[in-house]
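Asker: Output the structure for:
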Amino acid sequence: MKYQATITNEAINELPVGRFPGRVLVVDSEETMREAEEVLRGVSVVGYDTETRPSFQKGLKYGMALVQISTADTALLFRVKQVPLSAAVCEMLSSPEVLKVGAAIRDDIRGMRTVAEFRPAGFVDLQGVVGRWGIEELSVKKMAAIVLGIKVSKAQRLTNWEAVRLTEPQQEYAAMDAWVCREMYLRLRADEPQRMDEAVELQLRQQALDGASRKAKKGGGRQPQQGRGASCRRRRRKTTGRNPINAENTADGKTDTQTR
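Answerer: Numbers count the residues shown, from 1 in each chain. Below is the predicted model:
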């Protein structure tokens, strides 16, 4: 399929508004964390995004508040300031066998590593892929318009992601941003499987090289194992054990700088 290289905001406004079609689970307790682990068991492709509370005061910055991971029908909104990511979720984020598809991934990973220490692998950045289809736009909004023919609303982007409770519009926005990345990956791969697989392989190979370089700079050493139900290893804190999520990994892929 031939995709247009660019698209105007006026053209986007003529498109139907995209809606997340599945269930949203806000993960803010140990109980909902266990439920999230079950949702992620056996997945092979997920959408990925993060949110940080915006600052309107010069010199004031907030840390990452939300990590969104979406399967085909469930969006998990991890409130990382309320409950740490479990070891099983961290292990999934470190697994090259599970593709985590997003946009401007490098910035997201940098923020993630301030709240939990893990070795990123399996991350696919759509901004480094769409050019192979002749697409020049790099924001999620414009990529989604071109690839999926939908309008992704950004009305909630600058809201308070550290609020005591996330509003329904916030939840819908956060779920959509992660889910739509997964859908774009699947649509492009369905059009040209080999082209997508080659692009992904290049990114994964570079991540492995970057990981090896970081390990060498730190003086090597064995990465700690993490156990079921434990939290991600924080800075200067260790946990031990085994991860349950990828035990039954199966393929389901067939079925602005940082711009979003």
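Asker: so residue 123 touches residue 102, yeah?
Answerer: Yes. Between residue 123 and residue 102 there is a contact under C-beta atoms under 8 Å: 7.1 Å. In short, each C-beta sits where N, CA and C put it, glycine included.
Asker: if you count what's nearby, which of the two comes out ahead?
Answerer: residue 102 (27 against 21; other C-beta atoms under 10 Å).
Asker: got the contact list for that one?
Answerer: 47, 48, 49, 108, 123, 124, 125, 126, 178, 181 (C-beta atoms under 8 Å, 6 or more residues apart in numbering).
Asker: what's the closest non-adjacent residue to it?
Answerer: Using C-beta to C-beta, 6 or more residues apart in numbering and skipping residues adjacent in sequence, the residue nearest residue 102 is residue 48, 4.0 Å away.
Asker: Figure out the helix or strand that that neighbour lives in.
Answerer: Using DSSP states H and E, residue 48 sits within strand 45-52.
Asker: Which residue ranges of this protein form helices?
Answerer: Along the chain, the stretches classed as helices by DSSP state H are 9-12, 30-40, 87-93, 105-112, 140-148, 168-191, 193-217.
Asker: any idea which of these is most buried?
Answerer: Comparing the helices of the chain by mean neighbour count (mean count of other C-beta atoms under 10 Å), helix 87-93 ranks first with a mean of 26.
Asker: what about stretch 106-117, how long is it end to end?
Answerer: End-to-end distance for stretch 106-117, by C-alpha to C-alpha, to the nearest Å: 15 Å.
Asker: just to revisit the earlier point, my read: the residue nearest to residue 102 touches residue 68, true?
Answerer: Yes. Using C-beta under 8 Å, residue 48 makes contact with residue 68 at a distance of 6.9 Å.
Asker: list residues touching both of the two?
Answerer: Contacts common to residue 48 and residue 68, judged by C-beta under 8 Å, 6+ apart, are residue 178.
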